[in-house]
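Peer 1: requesting a structural model of the entry that follows:
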Amino acid sequence: MIFCDFLTGFLGSGKTTLVNRLLKNKNPNHFAIIVNEFGEVGLDQLVYKQVSDNVYLLDSGCLCCTLTHSLRETLMEIHHYAIQNNIEKVLKVVIESSGLADPLPVLHSLIGDPVLKPRFQLASVIVAIDVMNAAYQLSNYSESVRQVMAADYLIITKTDLSEENQFIELSTRLTDLNPFAQIIISSNSKLVDDVFSKRQNESFIFLKSFQHKSNLNNSTLTLGHRPSYSQPAKHTSNSNSWARFIDFKVTWPGLSAWWEIVKNEYGNRLLRCKGLISMNDSSSNLMIHGVGMYFHSPTKFENWPDSDTRGRLVCIGIGLDSEFLDASLRALTISESYAKPKNLVELSHLLDD
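Peer 2: Residues are numbered from 1 along each chain as shown. Purely as a prediction, here's the structure:
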């Protein structure tokens, strides 16, 4: 029996950081990581492959919409590999979902799929919560609420960037939504690693919490009944993604200008932005992350992480316009630090004059 953790959390909540730290702190060969990307270009698996070879990418859409075929096949591939290589101490599987995934279809299949059930067992549902953006996300996106309510563990991230009252207010709200979940601060790396290292089945917490959480579904869930998920999951209205490869090097002023243009256009409708880019100063390969109105410090790579040397950008949000985002890419080539266009009109005047 192979134990599985299901890791979810809204866009930009820090799931990749948690898994990357886990692989560095523990023996990476004890874990297999399944990454589900909502956008057309996968990036997170490149971060993990710096540390571990046991990484699998599901890029055919959101996990809760494409689960039955792709996830089952990937898990069975892991199972066959363990048998063929005579692995006595079978590794733990961590399934990292996209930030927009509804957790219930995934958990339903992990627990009840007749093919997976004899071979895999759910250990824990782990949800990452961004303390900086959680209040807005919980108030505006039903996916975020459903993720919290399905959790065994709630790992609060980015507390170093927040005020103490933000953490207290969030903890109170999370406890109201899910009094059964254990709240952990991500900076306590030992506790976080211990959560991922647990091998016993803790899904009874998940089951127990649903006995009085009837607003997750149209009918009340009990221990003896689970709903069918034959229909695709419904996401937040008009949520979509945009992804592009970039075959040129990016300037620092250009990166700043591009983010400013995109942020001004979409604001909090830009749920998540991430990218892998090569800078023109030749010494910097960056993984970039933006959440809502915040652009986080880039992560530097000494070596490009895969054989495709093109850069790539992914945006996930509400009502994103591909033509606008395509046009905004011109900003990445701006070389003058004083040039700070705020929209496409100003960008066009700057580059065409």
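Peer 1: in stretch 257-270, what counts as buried?
Peer 2: Neighbour-count burial for stretch 257-270 flags 257-263, 265-266, 270 (criterion: 16 or more other C-beta atoms under 10 Å). Using the backbone N, CA and C atoms, a C-beta is placed for each residue, glycine as well.
Peer 1: what does stretch 157-172 give?
Peer 2: 157-159, 162, 166-167, 170-171.
Peer 1: which residues does that stretch contact?
Peer 2: Outside stretch 157-172, the residues within contact range by C-beta atoms under 8 Å, 6 or more residues apart in numbering are 13-14, 17-18, 128-132, 134-135, 156, 183, 185-187.
Peer 1: from the buried residues of stretch 257-270, which ones fall inside helices?
Peer 2: 257-263, 265-266 (DSSP state H).
Peer 1: of the residues you listed, closest to Asp193?
Peer 2: Trp259 (32.8 Å; C-beta to C-beta).
Peer 1: surely the closest one and Gly290 touch.
Peer 2: Yes - the pair Trp259 and Gly290 passes the contact test of C-beta atoms under 8 Å, sitting 6.5 Å apart.
Peer 1: what stretches of the stretch 51-200 of the chain score poorly on pLDDT?
Peer 2: 51-69, 85-91, 199-200 (pLDDT under 70).
Peer 1: tell me where it has helices.
Peer 2: Listed in chain order, the helices of the stretch 51-200 of the chain (DSSP state H, counting those that start in this stretch) span 63-84, 103-112, 134-140, 142-149, 164-177, 189-197.
Peer 1: enumerate the positions of the fourth one that are buried.
Peer 2: By neighbour count on 16+ other C-beta under 10 Å, the buried set for helix 142-149 is 143-149.
Peer 1: from those, pick the one nearest Tyr338.
Peer 2: Nearest member of those to Tyr338, counting by C-beta to C-beta, is Ser144, at 39.3 Å.
Peer 1: how far away is the closest one from Met76?
Peer 2: 31 Å (C-beta to C-beta, to the nearest Å).
Peer 1: do Pro341 as well
Peer 2: Applying C-beta to C-beta to Pro341 and Met76 gives a distance of 50 Å.
Peer 1: put the alpha carbons of stretch 129-137 into PDB.
Peer 2: This file holds the C-alpha atoms of stretch 129-137, laid out as PDB (Å, rounded to 0.1, in the frame of the first residue of the first chain):
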ATOM      1  CA  ILE A 129      -2.900  29.300   2.900                       C
ATOM      2  CA  ASP A 130      -1.300  32.600   1.900                       C
ATOM      3  CA  VAL A 131      -1.800  34.900   4.900                       C
ATOM      4  CA  MET A 132      -1.400  38.000   2.800                       C
ATOM      5  CA  ASN A 133      -4.200  37.100   0.300                       C
ATOM      6  CA  ALA A 134      -6.400  34.600   2.100                       C
ATOM      7  CA  ALA A 135      -9.100  37.000   3.400                       C
ATOM      8  CA  TYR A 136      -9.700  38.200  -0.200                       C
ATOM      9  CA  GLN A 137      -9.600  34.800  -1.700                       C
END
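Peer 1: and it, what's buried?
Peer 2: Here stretch 129-137 shows 129-134, 137 as buried, counting by 16+ other C-beta under 10 Å.
Peer 1: do the same with stretch 312-321
Peer 2: 312-318, 320.
Peer 1: tell me which two of the residues you listed sit farthest apart.
Peer 2: Arg312 and Ile318 (21.6 Å).
Peer 1: what's the closest non-adjacent residue to Lys342?
Peer 2: Asn264 (5.3 Å; C-beta to C-beta, 6 or more residues apart in numbering).
Peer 1: surely that neighbour touches Lys340?
Peer 2: No - using C-beta under 8 Å as the test, Asn264 is too far from Lys340 to be in contact (10.8 Å).
Peer 1: which residues sit against stretch 281-299?
Peer 2: By C-beta under 8 Å, 6+ apart, the list of residues contacting stretch 281-299 reads 11-12, 43, 47, 130, 132-133, 136, 249, 252, 255, 259, 263, 267-268, 270-279, 300-305.
Peer 1: I'm done for today, thanks for sticking with me.
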